[in-house]
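Engineer: This is the structure alone, sequence omitted:
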C-alpha cells in the first residue's frame with residue numbers, strides 16, 4: 001500500500017502504475033467535502049466517470065451516483081463442477097450451445113420472463129417502474145462490453161464456470177436518471193464540488209437519495225438474479241453435453257455470486273459510513289470473492305483478509321490497460337489470436353472490433369494479485385478453456 005497525503009484526506013493505493021486520469025479523479029475525491037477517512041484505490045484501477053473504476057469511497061451524509069457507476073450491481077458468479085476434464089470436442093459443443101441459448105449484446109429474450117422471477121418492486125421507484133416490462137426480457141442475458149462466460153480449469157483439479165454480467169439497460173437508466181437529478185440539485189445549491197469532477201451527490205435524508213437507493217438496490221438484486229438465471233442454463237447445458245457425449249453425470253457446488261458496483265451502509269473504524277464500491281469487491285475476513293483476468297489469463301477464487309485500510313475491499317478484476325478505442329487501433333489481431341490459440345483457448349477474438357477485449361488490453365493479473373496479497377488469499381487459480389464474450 002502507498003499513501004498520498006497531499007490532499008484533504010489521504011489516498012491509499014495498492015497500485016504502482018495508476019494512469020494520470022485515474023489519479024486525478026482520486027485526488028478530486030480526496031478533496032470533495034463529503035469524502036470521509038481516506039480514499040482506497042485497488043490494484044486494477046483505471047479512469048471512469050467521476051470516480052476511478054477500482055475505487056472505494058466512504059461518505060456519511062450523501063450518496064454519489066457516479067461513485068457506483070452505470071452498471072449497477074455488475075458482478076461475478078462462479079460455480080465448481082465435479083468434472084476433472086472436458087474433451088475438446090465436447091467443450092466446443094458446450095460453448096456453441098451457450099452462445100445459442102444465452103442472448104448477448106443488445107439481444108433480449110424472445111419471451112419475457114415471468115414477473116415471479118423478477119425482484120419485488122419496492123416503493124420510491126420511478127425508473128424501475130418505467131423499465132420493468134423491458135427488463136423482463138433482459139433477465140438471463142449476458143450483455144456486451146467486458147461481460148463474459150468462461151469454462152475454466154481450476155488448480156484444484158476441477159472444471160469451473162464463471163459469469164461476469166450486470167443489470168443490463170435497467171442499471172444504466174437508473175444511474176443516468178439519478179445522476180442527472182443530482183447534477184441539477186448541486187447546481188441549484190451552488191455546490192462547492194466543481195461540475196467537471198462529475199461527482200454530483202444526493203443528501204441521504206432527501207427523497208431523491210431515498211429513491212436512488214431504492215432503485216440502486218433493485219438493480220443490484222436484478223443483476224444477482226440475472227447471473228443466477230444464466231447459471232441455471234449453463235448447468236443444464238454442461239450436464240446435457242457431458243451426459244450425451246461423455247456419458248458422465250455432472251454435479252455442481254453452491255454458487256459464489258457477488259457484486260462490485262454498489263453502495264451500502266457499513267461500519268468501519270467504529271463509525272457508520274455509506275461505502276461506495278465502483279469496480280471493487282467485498283473482501284471481509286473469510287468472505288469468498290472472485291477476481292477475473294482477461295480471456296487469455298487466469299482468474300482467481302479468493303478469500304478476504306478483512307483489511308481495514310481498503311474498507312475490506314479488493315480488486316474486481318485485472319483492470320484495463322488500454323481504452324477500447326486504443327486497443328482496436330494499436331493491437332495486432334493476428335498476434336492476439338495466435339496468443340490465445342497457442343494456449344488452446346476457445347476464445348472470442350474474431351475481427352478487429354473484438355480487440356477491445358483482447359488480453360493485451362488488460363493489466364497483468366498476476367501483478368494485480370501480488371499487489372493485493374494483504375487484501376485477499378488465493379484459494380483457486382482458474383485457467384480459461386472456453387470464452388463467450390458479450391457482443
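Structural biologist: The structure has been received and is ready for your questions. In this text the structure is predicted, and so the values were computed from the model without any measurement. Numbers count the residues shown, from 1 in each chain.
Engineer: tell me the pLDDT at residue 123?
Structural biologist: pLDDT for residue 123: 69.
Engineer: got it, and the one 4 residues further on?
Structural biologist: At residue 127, the predicted lDDT confidence score is 95.
Engineer: Dihedrals phi and psi, it?
Structural biologist: Phi and psi for residue 127, reported as degrees, to the nearest 10, are phi -70, psi -40.
Engineer: just checking, it touches residue 174?
Structural biologist: Yes - counting by CB atoms under 8 Å, residue 127 does reach residue 174; the two are 4.8 Å apart. For glycine as for every other residue, the C-beta is placed from the backbone atoms N, C-alpha and C.
Engineer: Are there residues contacting both of the two? Which ones?
Structural biologist: Common contacts of residue 127 and residue 174 (CB atoms under 8 Å, 6 or more residues apart in numbering): residue 215.
Engineer: who's in contact with residue 181?
Structural biologist: By CB under 8 Å, 6+ apart, the contact list for residue 181 reads 202, 208, 212.
Engineer: Give me the more crowded residue out of residue 127 and residue 174.
Structural biologist: Ranked by neighbour count (other CB atoms under 10 Å), residue 127 and residue 174 place residue 174 first, with 30 against 21.
Engineer: where do the helices sit along the stretch 1-150 of the chain?
Structural biologist: With helices called from DSSP state H, counting those that start in this stretch, the stretch 1-150 of the chain shows them at 20-31, 88-101, 127-135.
Engineer: Select, out of these, the one closest to residue 325.
Structural biologist: helix 20-31 (14.3 Å; CB to CB).
Engineer: packing partners for that closest one?
Structural biologist: Contacts defined by 3 or more CB pairs under 8 Å, 6 or more residues apart in numbering; DSSP states H and E place helix 20-31 against strand 2-4, strand 11-13, strand 39-46, strand 53-59.
Engineer: now for the first one, which elements pack on it?
Structural biologist: In terms of contacts (3+ CB pairs under 8 Å, 6+ apart), strand 2-4 is packed against strand 11-13, helix 20-31.
Engineer: quick one on the thing from earlier: ranking the helices of the stretch 1-150 of the chain by burial, who's on top?
Structural biologist: Among these, helix 20-31 has the highest mean neighbour count (mean count of other CB atoms under 10 Å), at a mean of 19.
Engineer: ok, residues contacting whichever strand or helix holds residue 335?
Structural biologist: Element membership of residue 335, judged by DSSP states H and E, is helix 333-342. For helix 333-342, contacts defined as CB under 8 Å, 6+ apart pick out 295, 296, 347, 349, 351, 352, 355, 358, 359, 360.
Engineer: how near is the closest residue to residue 10 other than its chain neighbours to residue 16?
Structural biologist: Spatial nearest neighbour of residue 10, chain neighbours left out: residue 38 (4.3 Å); criterion: CB to CB, 6 or more residues apart in numbering. Distance of residue 38 to residue 16, given as CB to CB, to the nearest Å: 19 Å.
Engineer: Those two - which one has more neighbours?
Structural biologist: Between residue 38 and residue 16, counting by other CB under 10 Å, residue 38 is the more crowded of the two (23 against 10).
Engineer: and residue 313, what is it in contact with?
Structural biologist: Counting by CB under 8 Å, 6+ apart, residue 313 makes contact with 40, 42, 56, 277, 280, 281, 282, 283, 375.
Engineer: Of these, which is the nearest to residue 250?
Structural biologist: Nearest to residue 250 among the contacts of residue 313: residue 281, at 27.8 Å, using CB to CB.
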